[in-house]
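Enquirer: got a sequence here, can you build the structure:
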Amino acid sequence: MVSVGRFGNQNDQERRGLSFLIFVAIIGFSLARGIATFYTNFLWFGSVDLSSVWWTIILTRAGLVIGTSLIAFAFIFVNLRLAVRAAPVVDIFESLDFDNLDPMSRLRSWVNERFLRYRAVGTIAISLFLGIGASILWEPVLLYINQTDFGIVDPIFNADISRYVYGLPLFRQAVSWLIQLVVVCSFIVGLYFIATGAVQLRPGQLPEVSSGGKAHLSVLLAFIALLKAAAYRLDAYDLLYSPRGKVFGASYTDVKAHLPALNLLVLISIFGAVLLLINIRRRGWLLPTTAIGLWLAVSIIVGGIVPAAVQRFRVLPDELNKELTYVADNIKYTRFAYGLDN
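Expert: Numbering: from 1, shown residues only. Model prediction:
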């Protein structure tokens, strides 16, 4: 029996060693491939006397990774510190005997101990992950920094065309990254609250949330609502790229139905953020639930059904007259684009 046990342990060690070697081989291959691509690009840019372009791209991407990682670290770390204050379970269990605690109390004590120990390391890892993801913004950032005005304004928002060529792509990706940051942070904080008992889940009942946990989660959700309002505003500018009508660009339905719907969704998102902040001092979640229900109804009815109905029952029966102005704009700005306006 002893020999069999030793043989089994030896096999386990060999399997772990083999798994470790495979892991190291995969990491090494990935690093080697990345270094090879990096060096090849360096040689290519140098061969055509464009090393300065290569360095600009590299430094911009590195700056984005460092800058966004620091922003993410500061935001997540501050929220985790606030979460510990909002759910101070560690102070309760420090004076108790761990062996005499019930299983749930043991779990909460175990989570708190390791959460406090590895909080900084985990925050750094998540922040670097988010920062590396933001490195794709290098091209929109460089275009935005080096933009020039076109001297031509669009017929819907009366803004210079440069806003849509240089600003809109960057702002859209930046807002998307910020939403991702807040959602990830909210998810981590929510899990911590559940593990520590600040949020208690019971089958068939609404979750019970402590006052500190409720305030913290309400503020994070308000952040998301405000960022969603910004996203809706960018969606409004995106209507200039709409393929809905007979020609590319904003159509009658986009301007008369979809644009007002997006403006209404912006106001509802801001209203929802305000309700979430007001709800901090109220019991229950009636106000935020009402705001979410209103948002869902407007987004479905006004944002989807109404534009489709306008297109079907108002535009199609008289499409030539309804779309004439927008077709004329398409022709005018196409001439501008190809230098045929003269």
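Enquirer: next up, phi/psi of V199, please.
Expert: phi -120, psi 120 (degrees, to the nearest 10).
Enquirer: and the closest residue to it other than its chain neighbours, how close does it get to R283?
Expert: If the residues on either side of it in the chain are set aside, V199 comes closest to F193, at 4.1 Å by C-beta to C-beta, 6 or more residues apart in numbering. C-beta here means a position set from N, CA and C on the backbone, and glycine is covered the same way. According to C-beta to C-beta, to the nearest Å, F193 stands 18 Å off from R283.
Enquirer: what is the neighbour count of S47?
Expert: Using other C-beta atoms under 10 Å, S47 is surrounded by 9 other residues.
Enquirer: and the pLDDT at it?
Expert: pLDDT, S47: 84.
Enquirer: can you check D99 too?
Expert: 50.
Enquirer: assign F157 to helix, strand or coil.
Expert: Per DSSP: H, G, I helix; E, B strand; the rest coil, the secondary structure class of F157 is coil.
Enquirer: can you tell me the element the residue nearest to it when sequence neighbours are not counted falls in?
Expert: Counting by C-beta to C-beta, 6+ apart, F157 lies nearest to Y237, which is 6.8 Å off, once chain neighbours are set aside. Taking DSSP states H and E as the definition, one finds Y237 inside helix 211-238.
Enquirer: A328 now?
Expert: In the assignment (DSSP H and E), A328 maps to helix 319-337.
Enquirer: how much space between I58 and L64?
Expert: 11 Å.
Enquirer: which of these two has more neighbours?
Expert: Each of I58 and L64 has its neighbours counted (other C-beta under 10 Å); L64 has more, 19 against 15.
Enquirer: can I get the helix holding A328 in PDB, CA atoms only?
Expert: Included here for helix 319-337 are C-alpha records, laid out as PDB according to Å, rounded to 0.1, in the frame of the first residue of the first chain:
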ATOM      1  CA  GLU A 319     -40.900  59.100 -49.700                       C
ATOM      2  CA  LEU A 320     -39.900  61.400 -52.500                       C
ATOM      3  CA  ASN A 321     -41.100  64.600 -50.700                       C
ATOM      4  CA  LYS A 322     -40.100  63.400 -47.200                       C
ATOM      5  CA  GLU A 323     -36.600  62.500 -48.200                       C
ATOM      6  CA  LEU A 324     -35.900  65.200 -50.800                       C
ATOM      7  CA  THR A 325     -34.100  67.600 -48.400                       C
ATOM      8  CA  TYR A 326     -31.900  64.800 -47.100                       C
ATOM      9  CA  VAL A 327     -31.100  63.500 -50.600                       C
ATOM     10  CA  ALA A 328     -30.100  67.000 -51.500                       C
ATOM     11  CA  ASP A 329     -27.800  67.200 -48.500                       C
ATOM     12  CA  ASN A 330     -26.300  63.900 -49.500                       C
ATOM     13  CA  ILE A 331     -25.500  65.200 -53.000                       C
ATOM     14  CA  LYS A 332     -24.200  68.500 -51.700                       C
ATOM     15  CA  TYR A 333     -21.800  66.900 -49.200                       C
ATOM     16  CA  THR A 334     -20.700  64.200 -51.600                       C
ATOM     17  CA  ARG A 335     -19.600  67.000 -53.900                       C
ATOM     18  CA  PHE A 336     -17.700  68.600 -51.100                       C
ATOM     19  CA  ALA A 337     -16.000  65.300 -50.300                       C
END
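Enquirer: which positions within that helix qualify as buried?
Expert: E319, K322, E323, Y326, V327, D329, N330, Y333 (16 or more other C-beta atoms under 10 Å).
Enquirer: for K256, state which of those is nearest.
Expert: K322 (8.8 Å; C-beta to C-beta).
Enquirer: and that closest one, what is it in contact with?
Expert: Y252, R314, V315 (C-beta atoms under 8 Å, 6 or more residues apart in numbering).
Enquirer: narrow these to those that are buried.
Expert: Here, 16+ other C-beta under 10 Å leaves Y252, V315 buried among these.
Enquirer: specify which member of the contacts of K322 is nearest to P140.
Expert: Y252 (30.8 Å).
Enquirer: look up how far R244 lies from the closest residue to the closest one other than its chain neighbours.
Expert: Leaving out its chain neighbours, the residue that sits closest to Y252 by C-beta to C-beta, 6+ apart is K322, at 4.4 Å. Between K322 and R244 the computed distance is 12 Å (C-beta to C-beta).
Enquirer: which helix or strand in this protein has the lowest average pLDDT?
Expert: helix 89-93 (a mean of 43; mean pLDDT, DSSP states H and E).
Enquirer: about what we covered before: which element is the residue nearest to V199 on?
Expert: helix 168-196.
Enquirer: chain center to whichever helix or strand comes after that helix: distance?
Expert: Per DSSP H and E, helix 168-196 leads on to strand 199-200 as the next helix or strand towards the C-terminus. Centroid separation between strand 199-200 and its chain, computed with C-alpha atoms, centre = their mean, to the nearest Å, is 26 Å.
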